[in-house]
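K.L.:
Below is the structure, and that's it, no one-letter string:
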Ligand SMILES: Nc1nc2c(ncn2[C@@H]2O[C@H](COP(=O)(O)OP(=O)(O)OP(=O)(O)O)[C@@H](O)[C@H]2O)c(=O)[nH]1
């Protein structure tokens, strides 16, 4: 039987960076110019990624939510897309703040993460160089994409869908590692119990 899994993804970033546009692009392959500022929306989506059916719950957060709301959404999520707008340096600086909050909220640290620089169709107004995005992603040990919610054709790294899919893969990798660690620790417990019994018997 084909494997399947469920993941909860949350999209964070300053108001106006294009979170809703990116989520809608991913879900419908379309771009809609105007949205009401998001309060908070959740979507369900299913995709086949590397021969595995992945059920996604996607939370499009509000750029203006307060810290308490952010923390709640961070606790909820398995993986996170941190978005900035390449034409807005402030939105890029916000990413580090979001990452700090994630590290405080999530244990263990280094949760599955993808960094996304949006609006590359506006390259003439660029304020954040691609290399800066790459450096930040390297610091956060996560994948990095530049893209545009306007078009899947521009940008590096294969577009919006690739970013969502890579996040799902990263969640799968982390779960596999955690599963192994858990299995190893339960095997260790069994070994310890047997050793104890043998020690008792022989004494
Ligand atoms: N040129 C261009 N405009 C974009 C792109 N993505 C989003 N926009 C525009 O940027 C504005 C904000 O987009 P939203 O998707 O509402 O941004 P958001 O991050 O969800 O904003 P909040 O809901 O307020 O947090 C809208 O006018 C979009 O049309 C893009 O890739 N290129």
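P.N.:
Received, thanks. Note that the structure is a prediction, hence the values are computed from the model and not measured. Residues are numbered from 1 along each chain as shown.
K.L.:
which residue ranges form the strands in the protein?
P.N.:
Secondary structure of the chain by DSSP state E: the strands cover 3-12, 40-49, 52-61, 79-85, 113-118, 143-146.
K.L.:
Quick one: residues contacting the residue lying closest to residue 85 once chain neighbours are set aside.
P.N.:
For residue 85, ignoring the flanking residues on the chain, the nearest one in space by C-beta to C-beta, 6 or more residues apart in numbering is residue 17 at 4.2 Å. (Glycine included, C-beta is placed from N, CA and C.) Taking C-beta atoms under 8 Å, 6 or more residues apart in numbering as the criterion, residue 17 is in contact with 63, 83-85, 88, 91, 118-119.
K.L.:
quick one: residue 17 from residue 116, how far?
P.N.:
From residue 17 across to residue 116, the span is 9 Å (C-beta to C-beta, to the nearest Å).
K.L.:
Check the contact lists of these two and give me the overlap.
P.N.:
With C-beta under 8 Å, 6+ apart as the test, residue 17 and residue 116 both reach 83-84.
K.L.:
circling back to that earlier point, from the contacts of residue 17, which is closest to the ligand?
P.N.:
Nearest to the ligand among the contacts of residue 17: residue 63, at 2.7 Å, using C-beta to the nearest ligand atom.
K.L.:
any idea which helix is longest in the chain?
P.N.:
Counting by DSSP state H, the longest helix found in the chain is helix 159-202.
K.L.:
Which residue would you name as the spatial centre of this protein?
P.N.:
Nearest to the mean C-alpha position of the chain, by C-alpha atoms, centre = their mean, lies residue 80 at 2.4 Å.
K.L.:
Beta-bridge partners for that one, please?
P.N.:
residue 10, residue 113 (DSSP bridges).
K.L.:
From what I see, it and residue 7 are in contact.
P.N.:
No - if you go by C-beta atoms under 8 Å, residue 80 and residue 7 don't touch, sitting 11.2 Å apart.
K.L.:
Write out the residues of this structure neighbouring the ligand.
P.N.:
With C-beta under 6 Å from any ligand atom as the criterion, the chain meets the ligand at residues 13, 15-21, 33-35, 37-38, 62-63, 118-119, 121-122, 148-150.
K.L.:
Hmm, residue 134 is touching residue 144, no?
P.N.:
Yes - between residue 134 and residue 144 there is a contact under C-beta under 8 Å: 5.7 Å.
K.L.:
the more surrounded of those two?
P.N.:
Higher neighbour count among residue 134 and residue 144: residue 144, with 20 against 15, using other C-beta atoms under 10 Å.
K.L.:
Just give me the neighbour total for the residue lying closest to that one once chain neighbours are set aside.
P.N.:
Sequence neighbours aside, residue 137 is the residue nearest to residue 144 in space, at 3.4 Å (criterion: C-beta to C-beta, 6+ apart). Close neighbours of residue 137, defined as other C-beta under 10 Å, add up to 20.
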